[in-house]
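Peer 1: pasting the structure only:
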């Protein structure tokens with residue numbers, strides 16, 4: 001074939017690879033990508049044209065590859081072949097077939113952390129309170145069944161809590177942060193590509209796992225975290241970040257059927273999952289936007305994906321446009337690289353007014369040591385410390401006070417003792 005090509009002044013090669021779904025009357029998917037490149041080599045002109053029309057959903061794909069060259073010499077032909085093979089790999093296979101996203105979320109994280117060190121709390125209703133013990137910020141499944149809402153003021157449900165013997169705990173963020181670090185370190189054993197999204201959930205990029213049973217892989221992650229830390233988790237695995245969020249909700253909602261792991265790996269699963277997801281429960285869709293989309297006729301996530309892309313771009317924003325593509329199964333949202341913070345703060349609301357100056361000094365020194373730990377964790381140094389002290393502005397019957405102090409250090413440091421020494425000075 002190569003020898004025959006050398007004596008022809010111009011030629012064209014077209015290669016079509018396709019795999020139809022069960023319904024062979026149509027190709028599933030919506031995305032079309034056209035990529036072309038042009039190259040001038042030596043003194044003889046030749047053109048590289050690459051067209052990849054990709055329609056992909058899970059294992060269904062349709063690829064049209066067109067290759068055209070004028071006045072090609074033998075060496076130029078091999079250059080052309082290498083470049084186009086690379087483009088096919090990059091645009092067709094690597095980015096659309098051979099990776100999935102997993103979202104691992106800890107169940108009722110704060111309440112689960114309390115149970116780790118007090119096994120007698122298993123299967124009992126638990127609520128965790130905010131800094132000043134004012135609002136409920138975490139609930140066990142048993143507490144949720146009693147009708148205790150998230151963010152509710154504790155005094156409104158005091159009778160219900162007493163009648164059902166609900167265990168109430170003040171928040172312990174040192175404990176929660178340590179348990180979170182343990183969970184994330186375990187997840188890093190399964191893939192180096194991980195984004196810690198919050199204190200209790202992370203996105204994982206599973207690239208090169210085409211030969212794995214992803215449901216079993218998710219169960220392995222879940223069981224190892226439970227065995228090593230005692231924290232129960234759920235895992236959702238799908239081709240995109242937004243779909244992995246949906247898969248995680250399904251795994252959390254139906255633990256008996258899914259065993260805590262759900263994989264969206266077919267077009268039927270994707271559509272059914274989107275039809276099950278209410279518009280207000282879509283990741284990144286707030287209350288106001290969900291009401292606006294409801295007027296447009298969107299009742300669930302599937303309806304949102306059927307909106308014209310041009311309408312979404314012109315009437316919403318680029319964020320919603322990317323989210324729509326992600327829900328269609330087109331990888332648009334990638335893992336975000338965590339950047340070092342430019343400023344670090346440690347703030348607390350005290351459970352009651354503090355009138356003793358020594359007590360205030362003790363709290364400030366504690367916060368200085370905690371901030372130093374955060375600095376060292378990201379390998380940073382600081383050259384300025386700001387101390388802020390404020391009275392309870394909810395108590396309008398009392399005289400209000402606000403004080404701030406800026407301390408410039410003689411040299412950058414992340415040493416807690418050095419910071420504490422300058423605070424004392």
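Peer 2: Perfect, I can see it now. Quick caveat, the model's predicted, so the values are computed rather than measured.
Peer 1: Leaving out sequence neighbours, find the closest residue to residue 304.
Peer 2: Excluding its sequence neighbours, the residue lying closest to residue 304 (CB to CB, 6 or more residues apart in numbering) is residue 298, at 5.0 Å. Heads up, the C-betas are built off the backbone N, CA and C, glycines and all.
Peer 1: Make sure that neighbour is actually in contact with residue 279.
Peer 2: Yes. Applying CB atoms under 8 Å as the test, residue 298 and residue 279 come out as touching, 5.0 Å apart.
Peer 1: which residues are common contacts for the two?
Peer 2: residue 304 (CB atoms under 8 Å, 6 or more residues apart in numbering).
Peer 1: Just list what the lengthiest helix in the chain packs against, helices and strands only.
Peer 2: Using DSSP state H, we find that the single longest helix of the chain is helix 357-377. With contacts taken as 3 or more CB pairs under 8 Å, 6 or more residues apart in numbering; DSSP states H and E, helix 357-377 sits against strand 382-390, helix 416-424.
Peer 1: quick one: contacts for the residue nearest to residue 304?
Peer 2: Each residue near residue 298 by CB under 8 Å, 6+ apart is listed here: 279, 304, 307.
Peer 1: likewise residue 319?
Peer 2: residue 284.
Peer 1: Could I get the pLDDT score of it?
Peer 2: pLDDT for residue 319: 90.
Peer 1: So it, which state does it fall into?
Peer 2: helix (DSSP: H, G, I helix; E, B strand; the rest coil).
Peer 1: how near is it to residue 310?
Peer 2: Separation of residue 319 from residue 310 (CB to CB, to the nearest Å): 16 Å.
Peer 1: Residue 335 too?
Peer 2: Taking CB to CB, one finds residue 335 at 28 Å from residue 310.
Peer 1: Settle it for me: which of those two has more neighbours?
Peer 2: With neighbours defined as other CB atoms under 10 Å, residue 335 and residue 310 compare such that residue 335 has more, 15 against 9.
Peer 1: so who does the nearest residue to that one once chain neighbours are set aside touch?
Peer 2: Nearest residue to residue 335, sequence neighbours excluded (CB to CB, 6+ apart): residue 195, at 4.3 Å. Counting by CB under 8 Å, 6+ apart, residue 195 touches 202, 203, 204, 335, 336, 337, 338.
Peer 1: Pick out the one among those with the largest number of neighbours.
Peer 2: Per-residue neighbour counts (other CB under 10 Å) across those peak at residue 204, which has 25 neighbours.
Peer 1: Per-residue pLDDT of residue 14, please?
Peer 2: 38.
Peer 1: Residue 5 too?
Peer 2: If you check residue 5, the pLDDT there is 34.
Peer 1: Make TSV from the contacts of residue 298 and add distance to residue 166, secondary structure and pLDDT to it.
Peer 2: Formatted as TSV, the contacts of residue 298 follow (distance: CB to CB, whole Å; DSSP: H, G, I helix; E, B strand; the rest coil; pLDDT from 0 to 100):
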residue	distance to residue 166	secondary structure	pLDDT
279	33	helix	91
304	37	helix	93
307	43	coil	92
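Peer 1: picking up where we left off before, for residue 365, which of the helices and strands packed on helix 357-377 is the nearest?
Peer 2: Of all the helices and strands packed on helix 357-377, helix 416-424 sits nearest to residue 365, with 5.4 Å by CB to CB.
Peer 1: In the closest one, which residues are buried?
Peer 2: For helix 416-424, the neighbour count (16 or more other CB atoms under 10 Å) marks 416, 419, 420, 423 as buried.
Peer 1: Now do the buried residues in the helix or strand containing residue 113.
Peer 2: Per DSSP states H and E, residue 113 falls inside helix 109-116. Within helix 109-116, the residues scored as buried using 16+ other CB under 10 Å are 109, 110, 111, 112, 113, 114, 115.
Peer 1: okay, those residues in TSV with distance to residue 368 and pLDDT next?
Peer 2: Conversion of these to TSV gives the following (distance: CB to CB, whole Å; pLDDT from 0 to 100):
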residue	distance to residue 368	pLDDT
109	27	95
110	25	94
111	30	93
112	30	94
113	25	95
114	27	94
115	32	94
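Peer 1: Go through the residues you listed and name the one nearest residue 257.
Peer 2: For those, the nearest to residue 257 is residue 112 (21.5 Å; CB to CB).
Peer 1: Surely the closest one and residue 106 touch.
Peer 2: Yes. Look at residue 112 against residue 106 with CB under 8 Å: they come within range, at 6.3 Å.
Peer 1: joint contacts of those two?
Peer 2: In contact with both residue 112 and residue 106: 231, 232, using CB under 8 Å, 6+ apart.
Peer 1: Residue 403 belongs to a strand?
Peer 2: Yes. Looking at residue 403 with three-state DSSP, it is inside a strand.
Peer 1: so who does the nearest residue to it once chain neighbours are set aside touch?
Peer 2: Distances taken as CB to CB, 6+ apart put residue 389 closest to residue 403, at 4.7 Å, once the chain neighbours are dropped. By CB under 8 Å, 6+ apart, residue 389 lies in contact with 360, 401, 402, 403, 404.
Peer 1: since we're on residue 263, how many residues are nearby?
Peer 2: 23.
Peer 1: shouldn't it be in contact with residue 215?
Peer 2: Yes. The criterion here is CB under 8 Å, and residue 263 meets it with residue 215 at 5.1 Å.
Peer 1: neighbours of residue 385, just the number please.
Peer 2: Residue 385: 17 neighbours (other CB under 10 Å).
Peer 1: Apologies, that question was intended for residue 358.
Peer 2: Residue 358 has 8 nearby residues by other CB under 10 Å.
Peer 1: can you check residue 377 too?
Peer 2: Neighbours of residue 377 (other CB under 10 Å): 12.
Peer 1: pLDDT score for it?
Peer 2: 83.
Peer 1: Contact partners for residue 413?
Peer 2: Contacts of residue 413 (CB under 8 Å, 6+ apart): 381, 382, 419.
Peer 1: and stretch 151-161, how far out from the chain's middle?
Peer 2: Chain-centre distance of stretch 151-161: 32 Å, with CA atoms, centre = their mean, to the nearest Å.
Peer 1: Endpoints of it, how far apart?
Peer 2: 15 Å (CA to CA, to the nearest Å).
Peer 1: ditto for stretch 82-102
Peer 2: Termini of stretch 82-102 sit 33 Å apart (CA to CA).
Peer 1: looking only at pLDDT, what's the mean for that stretch?
Peer 2: On average, stretch 82-102 scores 60.
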